[in-house]
Structures are given as C-alpha cells and as structure tokens.
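[1] Starting from these lines, generate the structure:
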Amino acid sequence: MESHQYESVAAEALQAGVLQSLNWCLFDNATFLAERLHAEVSDARSLYLLATCYYRSGQTTRAYSILKGQNDLDCRYLFARTCLDLDKLQEGELALTGALYPGNVTDISDFHNSYGAAYALLGDICMRAHREKQAAECYRKSITSSPFLWSSFEKLCQMGEELDVDEVFNPANASGLLDSMTSNQSFGTKEKTDYEIPSTPRTYTYKTPKAESAVSVQLRPELDVPVSLTTPATPVIGSFTLAGGTAVIPTASSLGSPMPLSFNTPVQPAPGNLASLPSTPPPQQQTRGKRGGARTRTAAVGGAESSPPVLRRSVRLFSSGKGKTPARESKRKTAITIKEEDAKGTQESENSGQESTHADQEASSDKSTMESSIASALNLLKHLGKALISQAFFNCREAVSILNDLAPKHFYTGWVQCMIGKAHFELNDYKQADDAYRMARRVEPHRVDGMELYSTVLWHLRRETALSYLAHEVVAANRLSPQAWCVVGNCFSLQKEHDAAIKFFERAVQVDPRFTYAHTLLGHEYIYNEDYGKAMVSFRNAIQNDSRHYNAWYGMGTIYYRQEKYDLAEYHFLKASEINKTSPILLCYLAMVRHALKRTSQALEAIEAALAMDSSIPLVKFNKAKILFSLGRNQEALDELQELKLLAPQESSIYFLMGRIYKKMNMQDKALIHFTWAINVDPKDPNNKLTKENLEDDIDLPGETDDANPPEHDEEHSLQEEGPLDSSV
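    Numbers count the residues shown, from 1 in each chain. Reported below is the predicted structural model:
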C-alpha cells in the first residue's frame, strides 16, 4: 500500500502509523489512527485507508457503508470485495464494471494495469451468482493479465475448463510480465494525478535560528528527499515527504520488528554551517545535476566532504609571488583558477559519466535478474499447474507422476502431499493416501485444509484411534473451520453414532455454507438414517455450490436406486460418471441400475469397462458375477466369485451368491456348504434370513425365476463399498 503526500504534518505521521500498524496486524490501533487521519484530511485516500482497517479487522459492514458511492478506483475495488462478502452481488458488479444492468461482463478498463485482481474479483461475483460461463471468462482474463494469480487458475480447473498450461505459465513472457508488474503500483495510476512524483526537482526553503538567511535545497525527483539534509543511519527502503522534512522508513533491523514500516525524523543540519552556504546552488552544480539526472549535487553541510574554496589556493599563489605587480598577479591568478576549474569540471564530468554508465549497467543487471526470477517462478507454476489440471480431470496417476518430479523442497510441503493424498484417494488406494496425508501432517502439523479427505481415508481404513486423534488436533488448530467439524463428524460416523455425526456435519455447514463436501457428507449420513428427504436437500445444496461435485450426483443416484426409481438413478449415476470418467465404482453402479432396468447387455458393457480400469475392486467383480448369473452363464459367474473370495474372504454375500448358483446347477451339497459358510462368516448379515429359510426348506430357494431382479438387500451389504466415494456410506 503506497503512502500519499499530505500538506498536513500530522496527516503524514498518522498515515505512516496506519501503514505500520496494518503491517504489524495491529488492526485496532490502525483503525484508531485511520479515523484520526480521515478527520484530519478527509479525502479519498484517507477514506480508503480507513475502510481497509475496517475490512481487515472484520468490520465488513462498516467498510461497505463508508465506501458506498465512492469513485476512487481503490475504493471501488474494496467496495466490491465487501459486497461479495455481504452477498450484495449486484452492487459489487456495478462498482467494478459500471454496468447499469449487471449480468453483462463489460471491459473494466478503468483499472488499467490491475486487470488481474479486478477480473478475479468479478469472476468470484459471477460464480456466486451461478453464471459459470461469465465467471470462466473473467478468470481467464485474470490469469492472462497476471499468471501469478493462482487462485483464478485453480478455480478454472475446478470448473473443468480446458487450459493450455504452457501458454498460461510461459517463461518467455517474463520480460513483459516484469514491465507490467513494475508499472502496476496501484489501481488508479491514471486518475491519481495528485499523487504523481514531480519530474523536476523542487526547492524547499529552510531557515535557521541563528541566521535569517534562507537556504534552498534541491530534492531528488524520484524520492522527494533532500539529499544533503537527510542521511539515515540505516538503508532507506522507502520515504514520504513531510511538510517540514522527510520521513524515512528504515529497515526491520533498526526497529527490531518483522515489518519495515516506521518513520523517523530527518537528521537536522547544524545551524552554524547554514549561514556560510550561498542562497542558491552554483550554476556549475546545477548543470552537473542535470547531467547526472536524479543524482543532483548540492553543497555539503558541515561534513568532512566539504571542499575548500578555490579562493584559498589563489590567495596562496598571490601571497607567494615576488616582484610582480598586482595586475599581473591578478591575471595569473584568474588564468590558473579558470584552468583548475576547467580541469575539475572535466574530471567531475567524466566521473559523472562513469557513474551514469555504472548505474545503467546495474539497472540492466537487476532487470535481467528479475526476469530470470520470474521465468523460474513460472516454470514452477507450470509444473504444479499440469498436476492440478490432471487431477481436476481425474487423471490421478498422471498427477502423482508429475508431482513426484518436483524438487524435494517443494515435494515435502503440505500442499503437494495433500494433492498426492487426494489423487490416491480418488484411485481408492487408501494406504498410499494415508502415507501422503501423514507426511503432510508431519511437515505442516498446523494444516487444516485437506484434512476432511484425510478423515475419509481413515474412515475407510477403520482406524478409529487415528481418526479420533486427528479430530482433536484439527479442532484445536482451528475450530472455526468447516474441515475440523467434518473430521469430527466422520469420527462419530465410524463409531455408528449417526445422530451425533449429523450434528457435527450441520455445524460444518453452519460455519461455511459454501463448503461443498460438508453438504455431501451430511447427505450420506441422512441416508444411513433412511431420511431420504433431508439427504436429497443436502445433495442439491452441494451441487448448487459446485456442479462438478460428482459425489453429490452419486448420492442422489443412490437414493433413487433404493427407492427403485431406476430411470432417475441412471440419470444421476450417468451424470457423475461423465464428470469423473475414471471411476470404476460409478460405472459399476451404472451397470447395477441398467441391470435392474433389464438392459443386461448395456450393464455388462459398463461392468467390463469398470474392470478394465481396475480389476481389484470387489464390488465390481461381485456385480459382474450377478449379471452373468442372471444371463445363465453360471460357470463364468462362479469363476469370478472364486477370484473374489481371495480378495474379500470375509464377505458373506459372496458365499450366499455362490450357494444360489450351485443350487441352480443342482449341486445341492456345495450349495449347502456355501450357505453355511455365509452364516458363519457374518451372522448379522441380512442375507442370512434367506439362507436359513433355504436350509430349512432343503435349499428350495424362493423366487428362483426372479434372478434378473435379485433382492434389494443383496446390494445393500457392505460389499457394495459405497464408502470409496464418501466417508459416510
């Protein structure tokens, strides 16, 4: 945040105090000083500072109130930000675009070089208004203006937009990006003419207590600092002009604090030396000042660098002459003085030229260094961007491969490890996901983002102790985050305390209504309680927040499937599989629905596609066996189940289905054995009721001709593994 020059001495000091307090996160102190500043000088800049203090201290409504109706560009941007937070979307869009009819994204050319931030904010407003197409347009313009606006790129990935990562983060654009960054000092660079630095030196007049003669001191045009009168003891990193001098912002080391914003009074000149200075700079020095550009030379004040007057040497020459008339001595003295001055002027001109060349070389070197730095940063962002794009389109193995190529200093960070954990989670590889999330916790124990997915991983692995410990840690870290309450909800869900889990998921929604995953978890917990109406509401809220959240589409499909509304179930499962085209679980459920609709051939195609993605998922192989059984391909079904027994030997549904197949093949002995195994493996399995009836009836199974539509509770068993999509089911 730049400082502004005021005519009032008190205003300058108050402004410095506000900036200092903001950088030190002393928001109450900054607010008090900003209120004093605005009372001292009531202008757009002081109003913006006051609104910034209100906004950063959490007083969004107060910031909104004082910014309303302001035309200053900084004020308009901050006003739009407050409108977004307060859900006043129409006013926020109007502040940014000036459009009388919000809904049409217009060119926000008023913001000049700050297109990136302004378009990013406008994209957030459009996204909140559910205008995804216009939001995507704004985000694209945002990252085109500044590829360092990673949040815009991330939101485009979440929206499923196709992006050319090589073009977005092109290191060849480093030079142009550097020019844009250096010119982009503030939003209103064209309108704030009052804040512009003068192009020519200005002259201030100082008077001393002992001498009434005035002294004119030139100031550097780019800093507005009196060169000879201000000599800070520490390196100067910034300054602003007071009415009677210059306030210097020292480094952090001189203040003993982490933030380098303060001001010191300038070093005052010794009063006794001012009287000997001429009232105006010598013409020769003025000429040299013009040659040197900003490096204007002035007379030194009371320092060791003061050069003795030329007259002294002339007097010595005059006094040492013998037998020479005063006239000849005067001519000789004049000639010598002119030669010495010419020689001195030539030497200083050469020195000035050398200094100018050296400064140009340093500037060129600095620019080259900055361009190299920007190019290196863009290469890093390009690498991470490719991984994010791959994960956004659920190419999770490719994403993991890209992230594994990172340097260790970036690889062993919380964000990267959470990305790897999420990729393994989507691949149903929960052990690998657990390893990645544990590494993330190790390098960043305070991290809360991503822990809701980690709790889902622990839910699948049935690690109650680890999940309870994680819940304790994240609540202690940030109890106001929705992620923390999602972790606690999953902890209670794993312990089969579904009512308590619902309360904590509701708390997560209350903390952040736009946290999509909390709505989804809440919906699945309602399914456990068979409260399908509330579950449907939760899933719809999740889709309203994020239309590409396939877990919510899957949840709605599950409800319709249980209600035997197979057409609606197929629509929602198909929608989910279109979003996540790499999930074998979704294809498996799509096959189950089509099988229930007696479209067996399409069901078999879907199940074969799921097995081609991952042949180790028990649910997929189990449903393939059921479809083959319904088609009368009993031996093929038995072969699938024999392989499945090795993957999931503790699943009673496998033995029950094998008993049915053996019964249909008139192999009563084997049927009896497998029905008995089904009872012994899981006595609480709902299928055991039918098994016992079959045993009592000498294995005469009811409904033998209804193989195409097996009992619904068969699909409700734990083998279905609804959990891989969400932790609550």
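[2] Ramachandran coordinates for residue 485?
    Phi and psi for residue 485, reported as degrees, to the nearest 10, are phi -80, psi -20.
[3] which residues does it contact?
    By Cβ atoms under 8 Å, 6 or more residues apart in numbering, residue 485 lies in contact with 475, 504-505, 507-508, 511, 518. All C-beta spots, glycine's among them, are computed from the backbone N, C-alpha and C.
[4] Can you list which of those are found in helices?
    Using DSSP state H, 475, 504-505, 507-508, 511, 518 are the members of these that sit in helices.
[5] So which of the residues you listed is the closest to residue 72?
    residue 511 (34.4 Å; Cβ to Cβ).
[6] ok, now how distant is the closest one from residue 524?
    From residue 511 over to residue 524 the distance is 19 Å, taken as Cβ to Cβ, to the nearest Å.
[7] who's more crowded, the two?
    Legend: neighbour count by other Cβ atoms under 10 Å for residue 511 and residue 524, higher for residue 524 (27 against 18).
[8] Mind telling me what element the more buried one is part of?
    Here residue 524, judged by DSSP states H and E, is contained in helix 516-528.
[9] list the helices and strands that helix packs on?
    Secondary-structure packing of helix 516-528 (3 or more Cβ pairs under 8 Å, 6 or more residues apart in numbering; DSSP states H and E): helix 451-460, helix 482-494, helix 498-511, helix 532-545, helix 550-562.
[10] list the helices and strands the first one packs on?
    Contact here means 3+ Cβ pairs under 8 Å, 6+ apart; on that basis helix 451-460 packs against helix 414-426, helix 430-443, helix 464-477, helix 482-494, helix 516-528.
[11] would you turn these into a markdown table with mean pLDDT?
    Listed next are these as a markdown table, based on pLDDT from 0 to 100:
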| stretch | mean pLDDT |
| --- | --- |
| helix 414-426 | 97 |
| helix 430-443 | 96 |
| helix 464-477 | 96 |
| helix 482-494 | 97 |
| helix 516-528 | 96 |
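[12] Of these, which is nearest residue 28?
    So among the helices and strands packed on helix 451-460, helix 464-477 is nearest, using Cβ to Cβ, at 24.7 Å.
[13] which outside residues touch that closest one?
    445-448, 451, 454-455, 458-459, 481, 483-485, 487-488, 490-491, 494-495.
[14] Can you flag the buried ones in those?
    447-448, 451, 454-455, 458-459, 481, 483-485, 487-488, 490-491, 494 (16 or more other Cβ atoms under 10 Å).
[15] sorry, back to before: which of the helices and strands packed on helix 451-460 sits closest to residue 367?
    Going by Cβ to Cβ, the one of those nearest residue 367 is helix 414-426, 30.9 Å.
[16] just the CA coordinates of that closest one, formatted as PDB?
    Once non-C-alpha atoms are left out, helix 414-426 reads as follows in PDB (Å, rounded to 0.1, in the frame of the first residue of the first chain):
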ATOM      1  CA  GLY A 414       1.700 -29.700   2.900                       C
ATOM      2  CA  TRP A 415       0.000 -28.600  -0.300                       C
ATOM      3  CA  VAL A 416       1.900 -31.100  -2.600                       C
ATOM      4  CA  GLN A 417       1.500 -34.000  -0.200                       C
ATOM      5  CA  CYS A 418      -2.300 -33.300   0.200                       C
ATOM      6  CA  MET A 419      -2.500 -33.300  -3.600                       C
ATOM      7  CA  ILE A 420      -0.800 -36.700  -3.700                       C
ATOM      8  CA  GLY A 421      -3.100 -38.000  -1.000                       C
ATOM      9  CA  LYS A 422      -6.200 -36.800  -2.800                       C
ATOM     10  CA  ALA A 423      -5.000 -38.500  -6.000                       C
ATOM     11  CA  HIS A 424      -4.600 -41.800  -4.200                       C
ATOM     12  CA  PHE A 425      -7.900 -41.300  -2.500                       C
ATOM     13  CA  GLU A 426      -9.700 -40.900  -5.900                       C
END
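[17] what packs against that helix?
    If you count contacts as 3+ Cβ pairs under 8 Å, 6+ apart, helix 414-426 packs onto helix 326-392, helix 396-404, helix 430-443, helix 451-460.
[18] which stretches of the chain have low pLDDT?
    1-7, 99-107, 109, 112-113, 180-356, 358-360, 684-729 (pLDDT under 70).
[19] repeat that for 80
    The chain contains residues with pLDDT under 80 at 1-9, 98-115, 174-367, 682-729.
[20] hey, where'd the strands end up in it?
    203-206, 215-218, 238-242, 245-249 (DSSP state E).
[21] List the neighbours of stretch 390-397 that are in contact with it.
    With Cβ under 8 Å, 6+ apart as the test, stretch 390-397 has contacts from 157-158, 160, 398-399, 402, 419, 422-424, 426-427, 580-583.
[22] among those residues, who's most crowded?
    Neighbour counts for the contacts of stretch 390-397 peak at residue 423, which has 26 neighbours (criterion: other Cβ under 10 Å).
[23] So what does residue 129 have for phi and psi?
    Phi and psi for residue 129, reported as degrees, to the nearest 10, are phi -90, psi 10.
[24] That one contacts residue 89, doesn't it?
    Yes. Counting by Cβ atoms under 8 Å, residue 89 is a contact partner of residue 129 at 5.2 Å.
[25] What count of nearby residues applies to the nearest residue to residue 545 once chain neighbours are set aside?
    Take residue 545 and drop its neighbours on the chain: the residue closest to it by Cβ to Cβ, 6 or more residues apart in numbering is residue 516, 4.5 Å away. The tally of other residues near residue 516 (other Cβ under 10 Å) stands at 21.
[26] Can you tell me how far residue 516 is from residue 171?
    Distance, residue 516 to residue 171, by Cβ to Cβ: 35 Å.
[27] before we move on, what about residue 148?
    Counting by Cβ to Cβ, the separation of residue 148 from residue 171 is 13 Å.
[28] can you redo the helices and strands packed on helix 451-460 as TSV with distance to residue 40?
    TSV is the format used below for those (distance: least, Cβ to Cβ, whole Å):
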stretch	distance to residue 40
helix 414-426	44
helix 430-443	48
helix 464-477	42
helix 482-494	43
helix 516-528	47
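[29] Minimum distance to residue 670: which of the ones you listed has it?
    Closest among the helices and strands packed on helix 451-460, using Cβ to Cβ: helix 430-443, at 34.4 Å.
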